[in-house]
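Student: quick one, what's the 3D model for this:
(one chain, ligands or ions: 1)
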Amino acid sequence: MTHAITLIPGDGIGPEVADATLRAIEATGVLVEWDRVDAGLKAEQETGHVLPEAVFTSLERTRVGLKGPVGTPIGKGHASVNVALRKRLDLFVNFRPVKMLPGLKTRFQDLPIDMVIFRENTEDLYSGIEHEVVPGVVESLKVITRTASLRIAQSAFEFARREERRKMTAVHKANIMKMSDGLFLRCCREVAAQFPEIEYGEMIVDNTCMQLVMRPEIFDVLVLPNLYGDIVSDLTAGLVGGLGIVPGANLGETTAVFEAVHGSAPDIAGKGIANPTALMQSAVLMLSHIGERDASKRLQKAVRAVYAEGKHLTGDVGGNARTDEFTEAIIDKL
Ligand code: NAI
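Tutor: The predicted structure follows:
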């Protein structure tokens, strides 16, 4: 069977890591009809829109997307493409598994780090409701709803049950934001009661950051509101080798978009040295999502084998291979 999948290569190193990932997927033998659409700065130059309607038309048809990073101007200009995409398609789960790759040298390489982040993806301070009250005073609204909190908690616990995970940590700052984070916590507790086999705990976000750095091995599944999830998930990426490594998925009821969590890396774009591991690992999740479990496992094994050998790694993870050489090594393993 041929799968129809939307490809959004993105900006900067996006097209380079997307090309490498497509070659790896092709080598698994899975047949894909790619529907390529642009979003981000390139799309803006060509169509005047950072998120053209063609992106939604395609995703509404295919229901599955593979996405490279897109550039977003900081402190000015258009709203984030990622935030807009997640909101409009109601991709309410941001799923980020964080696991050590064999042989990769990190400060934490001897610890058994294997955790999964469930970040709420549609509200919180990312609701984009900001205004200037009077010159020099700006308000940003933090929106937390019972509906969104319950469904992220439900997804996290269902995953934990399915994957036989033992522990769930809800991360919050309800000591200060008693109403908003308080509601988030109450929803997590309500869902936790339906999953008695999973140990449930709560941790304040600042303490969580310290514990993640001092004892990362104690964590299993974490569930967080949007902003803490954004920050904590990058922190956890740093534990296992950085943003060039970890995969991500944005999941909704009907649609899923798999993406590398790093940015468009303008400093190295076009040099042929970007690390495609993050997007390849996102493709591992995507293949499993579309029912190609065997290909998913084989691609995961190939990535882990190339890291274990350590001969064809890119510069960001201590090697000196170019994107192409790394990709060839993956294809050889497949
Ligand atoms: P960045 O992730 O692009 O770069 C941070 C550092 O990590 C740079 O030194 C870069 O060279 C390196 N890096 C990132 N990915 C790499 C890879 N695959 N291989 C090798 N090195 C890699 O973050 P930055 O500089 O904060 O953002 C640049 C642009 O990307 C901004 O416009 C930002 O808005 C956008 N961005 C987009 C995201 C997305 O589309 N999901 C996520 C984060 C940022």
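Student: mind listing the helices for the chain?
Tutor: Using DSSP state H, the helices of the chain run over 14-28, 41-47, 53-62, 81-88, 146-162, 180-192, 205-214, 226-239, 277-289, 293-309, 323-333.
Student: any chance of those in a markdown table, with mean neighbour count, distance to the ligand and mean pLDDT too?
Tutor: Every C-beta, even on glycine, is put in place using the N, C-alpha and C of the backbone. Formatted as a markdown table, the helices of the chain follow (neighbours: other Cβ atoms under 10 Å; distance: least, Cβ to the nearest ligand atom, whole Å; pLDDT from 0 to 100):
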| stretch | mean neighbour count | distance to the ligand | mean pLDDT |
| --- | --- | --- | --- |
| helix 14-28 | 22 | 6 | 98 |
| helix 41-47 | 17 | 8 | 88 |
| helix 53-62 | 17 | 13 | 96 |
| helix 81-88 | 20 | 5 | 88 |
| helix 146-162 | 19 | 19 | 97 |
| helix 180-192 | 20 | 24 | 98 |
| helix 205-214 | 15 | 19 | 98 |
| helix 226-239 | 20 | 9 | 96 |
| helix 277-289 | 25 | 6 | 97 |
| helix 293-309 | 18 | 13 | 97 |
| helix 323-333 | 19 | 8 | 98 |
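Student: CSV for those, including distance to residue 248?
Tutor: Formatted as CSV, these follow (distance: least, Cβ to Cβ, whole Å):
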stretch, distance to residue 248
helix 14-28, 13
helix 41-47, 20
helix 53-62, 16
helix 81-88, 10
helix 146-162, 14
helix 180-192, 21
helix 205-214, 18
helix 226-239, 8
helix 277-289, 6
helix 293-309, 15
helix 323-333, 19
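Student: which other residues reach stretch 297-308?
Tutor: For stretch 297-308, contacts defined as Cβ atoms under 8 Å, 6 or more residues apart in numbering pick out 24-25, 28, 101-104, 277, 280-281, 283-284, 287, 312-313, 326, 329-330, 333-334.
Student: could you do stretch 20-33 as well?
Tutor: Against stretch 20-33 from outside (Cβ under 8 Å, 6+ apart): 1-5, 7, 34, 66, 276, 279-280, 282-283, 287, 292, 295, 298-299, 302, 323-324, 326-327, 330-331, 334.
Student: dump the residue contacts of the nearest residue to residue 254 once chain neighbours are set aside.
Tutor: For residue 254, ignoring the flanking residues on the chain, the nearest one in space by Cβ to Cβ, 6 or more residues apart in numbering is residue 63 at 6.0 Å. Residue 63 makes contact with 254, 255, 256, according to Cβ under 8 Å, 6+ apart.
Student: could I get the full set of strands for the stretch 1-150 of the chain?
Tutor: Remark: strands assigned in the stretch 1-150 of the chain by DSSP state E, counting those that start in this stretch are 2-8, 31-36, 64-67, 93-99, 114-120, 130-134, 137-140.
Student: residue of the stretch 101-250 of the chain nearest the ligand, please.
Tutor: residue 244 (3.7 Å; Cβ to the nearest ligand atom).
Student: that residue against residue 319, yeah?
Tutor: No: between residue 244 and residue 319 there is no contact under Cβ atoms under 8 Å: 11.2 Å.
Student: the more surrounded of these two?
Tutor: Set residue 244 next to residue 319 and count neighbours by other Cβ atoms under 10 Å: residue 244 wins out with 23 against 18.
Student: contacts only, for the more buried one.
Tutor: Per Cβ under 8 Å, 6+ apart, neighbours of residue 244: 262, 274, 275, 277, 278, 314, 316, 317.
Student: one more time with 7 Å, if that's ok
Tutor: Residues in contact with residue 244 (Cβ atoms under 7 Å, 6 or more residues apart in numbering) are 262, 275, 277, 278, 316, 317.
Student: go on, residue 252?
Tutor: 89, 90, 91, 92.
Student: which of the residues you listed has the most neighbours?
Tutor: residue 91 (24 neighbours).
Student: which non-adjacent residue is nearest residue 331?
Tutor: residue 27 (4.5 Å).
Student: and the one you found, how far from residue 295?
Tutor: 9 Å (Cβ to Cβ, to the nearest Å).
Student: please apply the same query to residue 213.
Tutor: For residue 213 relative to residue 295 (Cβ to Cβ), the value is 36 Å.
Student: now residue 47
Tutor: 34 Å.
Student: and what of residue 139?
Tutor: 49 Å.
Student: go on, residue 101?
Tutor: 19 Å.
Student: what's the answer for residue 150, then?
Tutor: 34 Å.
Student: ok, residue 56 next?
Tutor: 28 Å.
Student: what does residue 43 give?
Tutor: Counting by Cβ to Cβ, the gap from residue 43 to residue 295 is 30 Å.
Student: residue 104 now?
Tutor: Where residue 295 is concerned, residue 104 sits at a distance of 23 Å (Cβ to Cβ).
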